[in-house]
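[1] Show me how the following folds:
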Amino acid sequence: MEAAPRLRPVIMIILVVLLLIATALSLTLGAVAIPLLESLQVLISMLWPFSASFSVPADSQLIIEQIRLPRTLMGLLVGATLALTGAVMQGLFRNPLADPGLIGVSSGAALGAALMIVLGAWVAVGLPDALLPYLTVAGAFIGGVATTLLVYRLGQTAQGTSVASMLLAGIAIAAISGALIGLLSYLADDRMLRTLIFWNMGSLGAASYERVAVLALCCALIGWRLPRQACALNALLLGESEARHLGIEVERVKRELILLTALGVGACVAVAGLIGFVGLVVPHLVRLLLGPDHRRVLSASMLLGAALLLLADVVARLVIAPAELPIGILTSLLGGPFFLALLLRAQRRGGL
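    Numbers count the residues shown, from 1 in each chain. Next up is the predicted model:
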């Protein structure tokens, strides 16, 4: 299924076009449909306030400015970051079935958010009222980073960082986090339990410019640093010993990849909840199209991940409109069977 070399630029162009289409649909479709021209006029007036005024209905302008645009921007950032970190984890573990959750960051972030939801009343004592809405976000981010640091520490051996030990530690900590989340769910009242359940399902509905700004800072660092490690990831595909012989500082590279992945996934889970399968399916699909070279895989994964998450969010808004289906449910319903089909196809061809 890997495309011929001459078709790879065409595939990249198609991914860019798909992302533009997904962005346009995200701005125009929802419980209230807004024509594309009106959406563009609102965006132009926001980006260039001194432009000629457009006769855009006030309700359409309000929807685009305060709801659709921050939601679209968050979807772009979350989708691109989850796909990028998923591609990095698959390259680091040398396993196409790997995803960012393997190092425990997703489960740790979920536990941190659950602690803030259930125990937030005690934590919030003495805090300014302006900070209260961000307790869950802060708890999720701190939980994800703390869990990753713990997994990284448990993976240290006399020979350096053991990827296999990190994998086992991540699985164990994910199980412990799941048990603690279950305990918190048992202790929660009806309001807390509802909040906890919906947060764990994942959604872009809580998007705001403040959250987008914080997420953009994290994603900018990750989007700048991780693609610079593409050659190192290509060398790691040959094995750690071979990578060292090629001049790669393996321990430094692994440490940077793990910490940046924790930062990115922790930030995404903090603002959008748990959204599964984007970091697993997208890099796998990109490798089938473009081959294993991370110089192409990383950039293409960001484009496809952002586009697919925006399209999934549009479907989540429309399928039971005017209500909204949690996007985490939709990505799992669509991603699970799709990935299973890819797995069965690979097995028929003799392995992954």
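[2] okay, CA-based contacts and neighbour counts for the rest of this
    Fine.
[3] G247: how many residues sit nearby?
    10 (other C-alpha atoms under 10 Å).
[4] And what about it, helix, strand or coil?
    coil (DSSP: H, G, I helix; E, B strand; the rest coil).
[5] And it, how far from A232?
    Distance of G247 to A232, computed by C-alpha to C-alpha, to the nearest Å: 9 Å.
[6] Likewise for I329?
    Counting by C-alpha to C-alpha, the gap from I329 to A232 is 35 Å.
[7] These two: who's more crowded?
    Legend: neighbour count by other C-alpha under 10 Å for I329 and A232, higher for A232 (22 against 18).
[8] quick one: the more buried one from E240, how far?
    Distance, A232 to E240, using C-alpha to C-alpha: 10 Å.
[9] among the helices and strands of this structure, which has the poorest mean pLDDT?
    Lowest on mean pLDDT, DSSP states H and E among the helices and strands of the chain sits strand 160-161, with a mean of 65.
[10] Show me what the following helix or strand past that one is packed against.
    Following strand 160-161 in sequence order, the next helix or strand is helix 163-187 (DSSP states H and E). Where contact means 3 or more C-alpha pairs under 8 Å, 6 or more residues apart in numbering; DSSP states H and E, helix 163-187 is packed against helix 105-123, helix 135-154.
[11] Make JSON lines out of those helices and add mean neighbour count, mean pLDDT and distance to L290.
    Below are those laid out as JSON lines (neighbours: other C-alpha atoms under 10 Å; pLDDT from 0 to 100; distance: least, C-alpha to C-alpha, whole Å):
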{"stretch": "helix 105-123", "mean neighbour count": "24", "mean pLDDT": "80", "distance to L290": "28"}
{"stretch": "helix 135-154", "mean neighbour count": "23", "mean pLDDT": "81", "distance to L290": "30"}
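[12] Show me the shaky parts of the stretch 201-350 of the chain.
    346, 349-350 (pLDDT under 70).
[13] Which stretches in it count as helices?
    When secondary structure is read from DSSP state H, counting those that start in this stretch, the stretch 201-350 of the chain shows helices at 209-225, 230-236, 240-245, 250-272, 278-290, 294-318, 327-348.
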